[in-house]
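Engineer: Next one to model:
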Amino acid sequence: MINSRIESQVRRHTLQFLYQCELLKIYYFSKNHFERFCHNFEISEDVKNILVTYCSETIERSDEFQSLLESSSQNWSFERINKIDKIILLIAIYELKQNDVPQKVVINEAINLAKEYGQQASSKFVNGILDNIKEKINSKLKEK
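Structural biologist: Purely as a prediction, here's the structure:
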């Protein structure tokens, strides 16, 4: 289990890295870009070791996560969701699917990121979408 302080740092840095990738139109995991990012932000090794997995997995599985997001966001196409909210949701979906962190914690952390980095209504939007996604993930787990 990861220290909660480190988990929060990892989420925040994942958001920053993925946002930077979005702005630079880098739609794959670039080890060189990741290394420069970690160097520029002076990210510690313990955070970096977890961060690489969060970033690479979220990028590599983004099609899968986007599909789940689209099916859970009524009246919202993926393209209409602002970049920050979209990235926060993708990170949270990654965490929800990993099942390593309690779902309430994942959703609460995503809401906090939305309050800090998103627009005025972002936290409510993120909360609503993640509640739908959580239910879908839980339903699939019960089917197994």
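Engineer: Just give me the residue right at the centre of this structure.
Structural biologist: residue 91 (1.1 Å; Cα atoms, centre = their mean).
Engineer: Buried by neighbour count: which residues of the helix or strand in which that one is found qualify?
Structural biologist: Here residue 91 is covered by helix 83-98, with elements defined by DSSP states H and E. Under the neighbour-count criterion of 16 or more other Cβ atoms under 10 Å, helix 83-98 has 84-97 buried. No exception for glycine: its C-beta is placed from N, CA and C like everyone else's.
Engineer: Next: stretch 40-52.
Structural biologist: 43, 47, 48, 50, 51, 52.
Engineer: so where do the helices sit in the chain?
Structural biologist: 4-24, 31-40, 45-60, 62-72, 83-98, 103-117, 122-143 (DSSP state H).
Engineer: May I have the fourth one exported as PDB, CA atoms only?
Structural biologist: Going back to what we said before, that points to helix 62-72. This file holds the C-alpha atoms of helix 62-72, laid out as PDB (Å, rounded to 0.1, in the frame of the first residue of the first chain):
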ATOM      1  CA  SER A  62      -7.100   5.600 -22.900                       C
ATOM      2  CA  ASP A  63      -9.300   4.100 -25.700                       C
ATOM      3  CA  GLU A  64     -10.700   1.500 -23.300                       C
ATOM      4  CA  PHE A  65     -11.200   4.200 -20.600                       C
ATOM      5  CA  GLN A  66     -12.700   6.700 -23.100                       C
ATOM      6  CA  SER A  67     -15.200   4.100 -24.200                       C
ATOM      7  CA  LEU A  68     -16.300   3.500 -20.600                       C
ATOM      8  CA  LEU A  69     -16.400   7.300 -20.100                       C
ATOM      9  CA  GLU A  70     -18.600   7.800 -23.100                       C
ATOM     10  CA  SER A  71     -21.000   5.100 -22.100                       C
ATOM     11  CA  SER A  72     -21.300   6.600 -18.600                       C
END
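Engineer: How far away from the center of its chain is that helix?
Structural biologist: Offset of helix 62-72 from its chain centre (Cα atoms, centre = their mean, to the nearest Å): 12 Å.
Engineer: Could you save the buried residues of helix 83-98 as TSV and add columns showing pLDDT and distance to residue 30?
Structural biologist: Listed next are the buried residues of helix 83-98 as TSV, based on pLDDT from 0 to 100; distance: Cβ to Cβ, whole Å:
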residue	pLDDT	distance to residue 30
84	96	21
85	95	23
86	95	19
87	96	16
88	97	21
89	96	22
90	96	17
91	97	18
92	97	23
93	96	21
94	97	18
95	96	22
96	95	25
97	93	23
